[in-house]
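# I'll drop the sequence and a predicted model, then ask my questions.
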Amino acid sequence: MLDRILILSVFVVASCGLAYELIAGALSSYLLGDSVLQFSSIIGCYLFAMGVGSHLAQYVKDEDALARFIDIELLVGLVGGVSAAVLFLVFGWLAAPFRTVLYALVFVVGVLVGMEIPLVMRVLNARQAEFKELVSRVLTFDYLGALAVSLLFPLVLAPKLGLARTGFLFGMLNAAVALWTAYVFRRELTRLSAKVLRASIVICLLAGGFLASDRMIHWSERGLFGDEIVHAETTPYQRLVLTRWHDDLRLYINGNLQFSSRDEHRYHEALVHPVLTPLPWARSVLVLGGGDGLAVREILKYPNIERITLVDLDPAMTGLFSTAEPLVRLNGGSLKNPRVHVVNEDAGRWLESADAVFDAVIVDFPDPGNFGIGKLYSVPFYRLLAKHLSENGLAVVQSTSPYFAPHAYWCVDATLREAGLHTWPYHAYVPSFGEWGFIVAGKTPRYAPPTQYRFPMRFLNAESTRLMFAFPPDMQRIAVEPNRLNNQSLVHYFEQDWAEVLR
């Protein structure tokens, strides 16, 4: 019976160990971008640390193995449980040592987790368990625990609880294993009351952190963003934070600014009107991304447009901008307009399954800071997009900054041309972002920038449009490779360009 309890504890221990690894990888991807690099480096550090822990376990005496297992459970529960909250606080208030703290926590947790299984196996072996059966049972439950949490984490835990609360929850599970093991094996342990007291204290601390996690994350994000946070939400796809300072509303996705209400009109006028003004015959528009409804607001100014299809992956994004009063006021209630059809689906999958052809396509994805988004800027994606563009229609792509990220910007242009489209690059100054870039694309070479607009605008006129399509010497075209799926050169260009800016 006691052996079975230890074996079942392996299931919980394995679940907790993998959970801390997934939390560290997801959190670093949220805050630092490039999910492949973050997960690869964290997995490597974690596995190395587990090897170190397994080596250190040999120095624990056999008669102390059970007691040390309980102590390690408390330690890994405490350190792993608070890890996400600590990392949020460090990033918000002490951004410089974030990577150091991240890998230090991953290493410490990995060492402790690496000691758990060898100690459990030694305890069981001392109880006369047959070795081959022992190894089989321990590893079976270890792998089953890993499978369980690998499914629960992305589907339930991260979207429902958030990363910080998930960390505290698994920390309590580790401490509960320690407390339960101490109780079950109470006749074999010395200083039982001290162990129970320590386990109870750890559980209470972690439970307090679980209850106060929202306040801690709010405080850390206040340090990161500076302004008052009026809405914060972790979805299955991203972290959404909305801030306010006086009359300025700002949206951040995974810590990256998406717009400021003070100057978003510059960005969205530049994104939409140079494409739609030359198409007075257009009747249908496809918007990919742009779940804030601000591009749709500009499109709705054209009475000839009868149908707008908005495809945005995250229903939390479109839901927020459809219901929150200040946001609905900002986008003019565009997402509830009868001419607008909102689809919450991956843009690539939707394009693969849809049959519709559109007169104009507005592509307003986040910057290609990781490979998941980078695929939406690839040659295959643009070829797929071209199939949904009418013969004389036009598309426009948000393309990062030609000044701060010139290699990335011209890579987007090269990728569109590799996909068989003609391109017309341009740029506009948006105070919140600096000099920002866009690219018009079409199947035919017939395009000329507008010299006048049908209605007055806050930013665009004939002169500002002429300047947008003229590139000064410090933003001239650079020879770069197109962005293909097998190497995602755009993501590398983007990282290198912004790394130069931050030096």
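Yep, that arrived.
# quick check: the residue nearest to residue 306 when sequence neighbours are not counted vs residue 72, distance?
Of all residues not flanking residue 306 in the chain, residue 283 sits nearest, at 4.8 Å (CB to CB, 6 or more residues apart in numbering). Placement of C-beta: from N, CA and C, glycine included. Noted for residue 283: a distance of 66 Å to residue 72, by CB to CB, to the nearest Å.
# neighbour count winner among the two?
residue 72 (23 against 14; other CB atoms under 10 Å).
# ok, that one - contacts?
112, 115, 116, 119 (CB atoms under 8 Å, 6 or more residues apart in numbering).
# where does the last one sit, in terms of helix or strand?
Spelled out, that is residue 119. Using DSSP states H and E, residue 119 maps to helix 98-126.
# and that helix, what does it pack onto?
helix 2-32, helix 35-56, helix 65-93, helix 131-152 (3 or more CB pairs under 8 Å, 6 or more residues apart in numbering; DSSP states H and E).
# just put those helices in JSON lines and tack on mean pLDDT and distance to residue 211.
Shown next, in JSON lines, are these (pLDDT from 0 to 100; distance: least, CB to CB, whole Å):
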{"stretch": "helix 2-32", "mean pLDDT": "77", "distance to residue 211": "18"}
{"stretch": "helix 35-56", "mean pLDDT": "87", "distance to residue 211": "28"}
{"stretch": "helix 65-93", "mean pLDDT": "86", "distance to residue 211": "12"}
{"stretch": "helix 131-152", "mean pLDDT": "73", "distance to residue 211": "21"}
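# got the angle for the longest helix along the chain vs helix 2-32?
The longest helix of the chain (DSSP state H) is helix 192-225. If you take axes from the mean of the first three to the mean of the last three CA atoms, to 10 degrees, helix 192-225 sits at 10 degrees to helix 2-32.
# from the chain's centroid, how far away is helix 192-225?
25 Å (CA atoms, centre = their mean, to the nearest Å).
# could you say what helices and strands it packs with?
helix 65-93, helix 158-184, strand 228-234, strand 239-245.
# wait, which of those is closest to residue 15?
helix 158-184 (7.1 Å; CB to CB).
# buried residues in that closest one, which are they?
Buried residues in helix 158-184, counted by 16 or more other CB atoms under 10 Å: 158, 161-182.
# tell me the contacts of residue 82?
167, 168, 171, 206, 209.
# next one: residue 21
So residue 21 contacts 42, 43, 46, 106, 109, 110 (CB under 8 Å, 6+ apart).
# of the residues you listed, which pair is most distant in space?
It's 43 and 109 that sit farthest apart of these, by CB to CB, at 12.7 Å.
# how about residue 428, nearest residue that isn't a chain neighbour?
Closest to residue 428 by CB to CB, 6+ apart is residue 270, at 3.9 Å.
# now do that neighbour against residue 438, distance only.
With CB to CB as the criterion, residue 270 and residue 438 are 6 Å apart.
# again, but for residue 193
Counting by CB to CB, the gap from residue 193 to residue 438 is 69 Å.
# quick revisit: format the contacts of residue 21 as a markdown table; extra columns: neighbour count and distance to residue 464.
Listed next are the contacts of residue 21 as a markdown table, based on neighbours: other CB atoms under 10 Å; distance: CB to CB, whole Å:
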| residue | neighbour count | distance to residue 464 |
| --- | --- | --- |
| 42 | 23 | 46 |
| 43 | 16 | 49 |
| 46 | 24 | 52 |
| 106 | 27 | 49 |
| 109 | 27 | 54 |
| 110 | 28 | 55 |
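# number of residues surrounding the closest residue to residue 56 other than its chain neighbours?
Nearest-residue entry for residue 56: residue 115, 6.1 Å, with adjacent residues in sequence omitted and distances by CB to CB, 6+ apart. Applying other CB under 10 Å, we find 26 residues neighbouring residue 115.
# begin at 635 from here
Sure thing, new numbering starts at 635, so read that last one as residue 749.
# what's around the closest residue to residue 747 other than its chain neighbours, how many residues?
Counting by CB to CB, 6+ apart, residue 651 is the residue found nearest to residue 747 once chain neighbours are left out, at 4.0 Å. Residues within reach of residue 651, counting by other CB under 10 Å, total 27.
# how close does residue 651 sit to residue 896?
Residue 651 is 46 Å from residue 896, by CB to CB.
# for residue 889, same thing?
Distance from residue 889 to residue 896, by CB to CB: 20 Å.
# can you give me the strands in the stretch 985-1134 of the chain?
992-998, 1023-1032, 1056-1064, 1068-1076 (DSSP state E, counting those that start in this stretch).
# just list what the first one packs against, helices and strands only.
This points to strand 992-998. helix 898-910, strand 918-923, helix 928-933, strand 1023-1032.
# the longest one now?
Other helices and strands packing on strand 1023-1032, by 3+ CB pairs under 8 Å, 6+ apart, are helix 898-910, strand 992-998, strand 1068-1076.
# hang on, the earlier thing: any idea how far the residue nearest to residue 690 is from residue 755?
From residue 749 to residue 755 the distance is 11 Å (CB to CB).
# next one: residue 1010
With CB to CB as the criterion, residue 1010 and residue 755 are 47 Å apart.
# now the helices and strands packed on strand 992-998 as TSV including mean neighbour count and mean pLDDT?
Supplementary listing: the helices and strands packed on strand 992-998 in TSV, determined by neighbours: other CB atoms under 10 Å; pLDDT from 0 to 100:
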stretch	mean neighbour count	mean pLDDT
helix 898-910	24	97
strand 918-923	24	97
helix 928-933	25	97
strand 1023-1032	21	97
